[in-house]
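> Task: produce atomic coordinates for the following.
(2 chains)
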Amino acid sequence: EPEVTQTPSHQVTQMGQEVILRCVPISNHLYFYWYRQILGQKVEFLVSFYNNEISEKSEIFDDQFSVERPDGSNFTLKIRSTKLEDSAMYFCASREIAANTGELFFGEGSRLTVL
Amino acid sequence: AQSVTQLGSHVSVSEGALVLLRCNYSSSVPPYLFWYVQYPNQGLQLLLKYTTGATLVKGINGFEAEFKKSETSFHLTKPSAHMSDAAEYFCAVSEWNAGNMLTFGGGTRLMVKP
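Residues are numbered from 1 along each chain as shown, chains lettered A, B, ... in the order given. Purely as a prediction, here's the structure:
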């Protein structure tokens, strides 16, 4: 069964360092997302991406964050200068169709720990 | 603006007992409602969803949920809990005019006792 894959599964970094989280969405999907979950808190929307551009972003997604689809398969989330409060589980998701009744398929997450 | 409240961050049931996980939402327009499950060290998996039509929806693993507009609720139930149901469950809402965004509740961790 097709699945969304994320790497790395866990990354530890020093505050101020740049981090890139990678995702391979399901191949025929058109919409891509990043969500995050700080330990013990809600899963929060960060950004959605369609047709090679951001379609929506939340207040969390400030100038420190960027997303990119560098080739036909990968979808990356970059955090330029990490802060302690960026420590969280980051989930990538993809969806096949335009309608938001469509199921989001989530990856297993990348746990980021900022020291 | 849409929001989701899950009552009870932890629910414990005995194996074979009824599972009831509560979800209430607020939405200014008819919502689309989802339940996701997260098993340990895994991603979020869709259990079931309500978009339109029949208000009682059935999902995988014997779970079902009923959309009650008057109560703004979408509670998740399963008649008989199994040990393998132990996981974190998330209710989520999406509005038809809110673009792509899913708004999640805080999650409920279900524990099943033998």
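> Please name the nearest non-neighbouring residue to residue A:17.
Spatially, and ignoring its direct neighbours in sequence, residue A:17 is nearest to residue A:82 (5.6 Å; Cβ to Cβ, 6 or more residues apart in numbering or on different chains). Yep, even glycine has a C-beta here, placed from its N, CA and C like the rest.
> Wait, the one you found touches residue A:18, no?
Yes - between residue A:82 and residue A:18 there is a contact at 7.4 Å, judged by Cβ atoms under 8 Å.
> So the spatially most central residue of chain A versus residue B:41, what's the distance?
With distances taken as Cα atoms, centre = their mean, the residue of chain A nearest its centroid is residue A:34 (3.0 Å). To residue B:41, residue A:34 is 19 Å away according to Cβ to Cβ, to the nearest Å.
> hang on, the earlier thing: isn't the residue nearest to the centre of chain A right up against residue A:47?
Yes - counting by Cβ under 8 Å, residue A:47 is a contact partner of residue A:34 at 5.2 Å.
> what do those two both touch?
Taking Cβ atoms under 8 Å, 6 or more residues apart in numbering or on different chains as the contact rule, residue A:34 and residue A:47 both touch A:67, A:77.
> and chain A, which residues reach chain B?
In this structure, chain A approaches chain B at residues A:4, A:31, A:33, A:35, A:41-45, A:48, A:50, A:55-56, A:58, A:91, A:93, A:95, A:100-101, A:103-109, judged by Cβ under 8 Å from any Cβ of the partner chain.
> Can you tell me which of the residues you listed end up in helices?
The subset of the residues of chain A next to chain B located in helices under the criterion DSSP state H is empty.
> remind me which residues of chain B are low pLDDT?
For chain B, applying pLDDT under 70 flags the ranges B:96-100.
> tally of neighbours for residue A:21?
The criterion is other Cβ atoms under 10 Å in any protein chain shown. On that basis, residue A:21 has 24 neighbouring residues.
> which helices and strands sit right next to the one helix or strand it maps to?
With secondary structure defined by DSSP states H and E, residue A:21 is part of strand A:19-24. Using 3 or more Cβ pairs under 8 Å, 6 or more residues apart in numbering or on different chains; DSSP states H and E, the elements in contact with strand A:19-24 are strand A:5-7, strand A:10-13, strand A:31-37, strand A:75-79, strand A:88-95, strand A:110-114.
> would TSV of those strands with distance to residue B:93 and mean pLDDT be doable?
Written out in TSV, the entries for the helices and strands packed on strand A:19-24 read as follows (distance: least, Cβ to Cβ, whole Å; pLDDT from 0 to 100):
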stretch	distance to residue B:93	mean pLDDT
strand A:5-7	24	95
strand A:10-13	30	97
strand A:31-37	14	94
strand A:75-79	24	97
strand A:88-95	16	94
strand A:110-114	25	96
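> Provide a list of residues in contact with the nearest residue to residue A:41 once chain neighbours are set aside.
With Cβ to Cβ, 6+ apart as the criterion, residue A:41 has its nearest non-adjacent residue at 7.3 Å, and that residue is residue B:106. The contact partners of residue B:106, taken as Cβ under 8 Å, 6+ apart, are A:41-42, B:5-6, B:9.
> Next: residue B:105.
Counted by Cβ under 8 Å, 6+ apart, residue B:105 has contacts A:42, B:4-6, B:23, B:90-92.
> and what of residue A:24?
The contact partners of residue A:24, by Cβ under 8 Å, 6+ apart, come to A:4-6, A:73-75.
> go on, residue A:49?
For residue A:49, the set of contacting residues under the criterion of Cβ under 8 Å, 6+ apart consists of A:31-33, A:55, A:67, A:69, A:75.
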